[in-house]
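# Give me coordinates for this.
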Amino acid sequence: MGQPDLTLRLQPRGKPLPNLPGEITVPADASIDAVYDAVARKTKYPVHRLRITRSDSSHLQRSSSTTVTAANLFDGSSLFIKDLGPQIGWRTTYIIEYLGPLLIHPLTLYLLRPFLYTYLPYPPPPLATTHASASTTPPTRAQTTLCAMITLHYIKRELETIFVHRFSAATMPATNLIKNSAYYWSLGGLLLAYTLYYPTAADTADYLYYPGLALWIFAELSNFSTHMTLRGLRRPGSRDRGIPTGYGFSTVTCPNYSFEVLGWFAVAAVAGGSLPALGFALFGAVVQANWAGMRERRYRKEFGDKYKKKKWVLIPFVV
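Below you'll find the predicted structure:
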């Protein structure tokens, strides 16, 4: 004989869900994913919009392999259902975010430059050596290189988003798209492009240009390597989590962030120490240090003694 069915009591957490039944009945060997699917059918909400917690407020994580009984749910157990609001896919979000600077930089340098600086002010000396006309002054070696570097960086990120990244969560709140896109489109796109490509007779000195370019190539290749390591931790279509090891991961928690930050400081070097470029790199370092710290705490909580704790999360001997 099979295991008896279990009745799970359902209650809304937060705002009411109009179609939420008071209870559902599921087989004892049903997966947690099956519970989510059953609640989604009853409420007529997309499954990714729902968050289910136990009576102790712990999150009932979606899983296709964990059964109801293995999750310590019994006949009469109470579950609380929360509407997370409109959701958007992580992959879609990344594609839209990166599309902004990917288009803005080449458009600014090669199409809009002759018009943009005619009608808008641009920095006086020492940020710009001269106020030469954008229509008659060709881009410098550094400016064409910077545009290529930044464009290739975001092409790489788009391709990684489509073909490399495997996400533990399918969606995020749709409102995050506005916040995240504002960062990439305004700071990394409009502001950075405007300050990098203004007409100037000066070019970046060789002692900054060539080391910066070499450092950027190293950072981009290393960043890609860490992304491939992270990809290998998760089976296609799964939400598996694993402990990353290998290149970079023995030193800091998130070397993928470390190489990302290093790449943007290399961009600033090729830009001749541009203050906006340095500011963008520093701001990104602060944000990613915070993310890396959260990742370190999550690893310690999730994997316990199996995880080798890291003293540095982003930059060795710094943070």
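# excluding its backbone neighbours, what's nearest residue 169?
residue 90 (6.6 Å; CB to CB, 6 or more residues apart in numbering). (Each C-beta comes from the backbone N, C-alpha and C, glycine too.)
# Contacts only, for that neighbour.
Counting by CB atoms under 8 Å, 6 or more residues apart in numbering, residue 90 touches 167, 169-172.
# What separation is there between it and residue 185?
Separation of residue 90 from residue 185 (CB to CB, to the nearest Å) stands at 18 Å.
# just residue 176 next, same as before
Residue 176 is 14 Å from residue 185, by CB to CB.
# Between these two, which has more neighbouring residues?
Set residue 176 next to residue 185 and count neighbours by other CB atoms under 10 Å: residue 185 wins out with 19 against 15.
# Is the more buried one in contact with residue 103, as I believe?
No - here residue 185 lies out of contact with residue 103, judged by CB atoms under 8 Å, at a distance of 9.4 Å.
# buried stuff in the helix or strand of the chain with the lowest mean pLDDT?
Using mean pLDDT, DSSP states H and E, the weakest-scoring helix or strand in the chain turns out to be helix 113-119, at a mean of 82. In terms of neighbour count (16 or more other CB atoms under 10 Å), helix 113-119 has its buried residues at 113, 116-117.
# Output these as a markdown table; include the columns distance to residue 285.
A markdown table is the format used below for these (distance: CB to CB, whole Å):
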| residue | distance to residue 285 |
| --- | --- |
| 113 | 29 |
| 116 | 29 |
| 117 | 30 |
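# And those, which is closest to residue 263?
Nearest to residue 263 among the buried residues of helix 113-119 is residue 113, at 24.2 Å by CB to CB.
# From residue 100, how far off is that closest one?
According to CB to CB, residue 113 and residue 100 sit 18 Å apart.
# Spatially central residue for this structure, please.
residue 94 (6.9 Å; CA atoms, centre = their mean).
# Could you tell me whether residue 92 really is in a strand?
No - using DSSP: H, G, I helix; E, B strand; the rest coil, the assignment for residue 92 is helix, not a strand.
# Okay, domains of this structure per the record?
5-85, 88-306 (automatic domain parsing).
# quick one: low-confidence ranges for the stretch 1-150 of the chain?
1-3, 121-132, 134-135 (pLDDT under 70).
# Please enumerate the strands of it.
5-12, 23-27, 50-53, 78-83, 87-89 (DSSP state E, counting those that start in this stretch).
# Residue 203: which element?
Using DSSP states H and E, residue 203 falls within no helix or strand.
# I appreciate the help and will end here.
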